[in-house]
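Asker: no sequence on hand, only this structure:
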């Protein structure tokens, strides 16, 4: 896609409301986390229980120990990702991870597919409830309005994803290089500490507590690296709080 | 990391070269000696490269999981972890690599 085509597409997405609706999305995200923390303070515990149930079901169908190990690791990553969302109050679909910026493309595409399927379902429901409304079936009219609103939201969400994908696509090679540099530097500076944390996660049935990780430290170098890693993470978070979404 | 694969590769090359030894003439057959050595060196090099790649992938995996863990911690948990580490460092005697509890 050349620059002119890209500008044309971006203008189209903006005309369809991408920038304005994105502000609505961020506001809804703020309200969502506020309500979730207020009404369901044990959400993480419920999510962990749900993950454990999913893990049990998936492991039943696993044929090799390698598959079972992969399932356990994936579930642990999912638990950590949800904790990150809840603690930082940032939906992974709407915010770039500064350390892994190319992850956003996966989430944008995934989110787009979710809303595409939603839009298809909405279209079918609108047709059904329209017929119901014409035939004066009770509740068809309010349900029709509800589905029209749903369809508008799904359409705008797809529009936002298209807008962001179009905006970020040409940056992908640079983001890839940036990500590789950051990860390489992280490996060089905190490699030993990272190994301790990963081994603790592997060995633990659930996610390990920080004390369990400390107990696995074997030497001063690992401890110093771990402290530096955590301090760096704290500094990065302070910087991120000043930035917004995508 | 690459040590095992290097030893295996060198060992395999040595066995291949040794198989060229003619007991009757009490010397190495030179006909295929060069190609045998080249093949052995290639195998050793490939095994070392493979082991190096595996090692880098392991480091990347360590980095991925440790990053995920640190990012999952709340600000308070992060702060508390730093305090715990400071306390542990203060307990450490000077000039030692061994952690004391």
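Answerer: Happy to help now that I have it. In this text, all values refer to a predicted model and were calculated from it rather than measured experimentally.
Asker: C-alpha from now on. contacts and neighbour counts both.
Answerer: Will do.
Asker: show me the contacts for the residue nearest in space to the middle of chain A.
Answerer: For chain A, the residue nearest the mean C-alpha position is residue A:92 (2.5 Å; CA atoms, centre = their mean). Residue A:92 sits next to A:85, A:104, A:107 when contact means CA atoms under 8 Å, 6 or more residues apart in numbering or on different chains.
Asker: distance of the closest residue in space to the first one that isn't next to it in sequence from residue A:111?
Answerer: Take residue A:85 and drop its neighbours on the chain: the residue closest to it by CA to CA, 6 or more residues apart in numbering or on different chains is residue A:91, 5.7 Å away. From residue A:91 across to residue A:111, the span is 11 Å (CA to CA, to the nearest Å).
Asker: and residue A:68, by the same measure?
Answerer: 28 Å.
Asker: and residue A:197, by the same measure?
Answerer: Per CA to CA, residue A:197 is found 31 Å from residue A:111.
Asker: more crowded one of those two?
Answerer: Shown here are residue A:197 and residue A:111; by other CA atoms under 10 Å in any protein chain shown, residue A:197 has more neighbours (26 against 16).
Asker: sticking with the closest residue to that one other than its chain neighbours, tell me its helix or strand.
Answerer: Excluding the flanking residues, the one nearest residue A:197 by CA to CA, 6+ apart is residue B:66, at 5.5 Å. If you go by DSSP states H and E, residue B:66 is part of helix B:33-72.
Asker: ok, residue A:56 next?
Answerer: Going by DSSP H and E, residue A:56 is part of helix A:43-61.
Asker: list the buried residues in the next helix or strand after that helix.
Answerer: Next in sequence after helix A:43-61, counting helices and strands by DSSP H and E, comes helix A:65-88. Buried positions in helix A:65-88, judged by neighbour count with 16 or more other CA atoms under 10 Å in any protein chain shown: A:68, A:71-73, A:75-84, A:86-88.
Asker: now helix A:65-88: mean pLDDT?
Answerer: With pLDDT averaged residue by residue, helix A:65-88 scores 94.
Asker: centre of the chain to it, how far?
Answerer: 13 Å (CA atoms, centre = their mean, to the nearest Å).
Asker: between that helix and helix A:43-61, how many degrees?
Answerer: Per axes from the mean of the first three to the mean of the last three CA atoms, to 10 degrees, the angle that helix A:65-88 makes with helix A:43-61 is 170 degrees.
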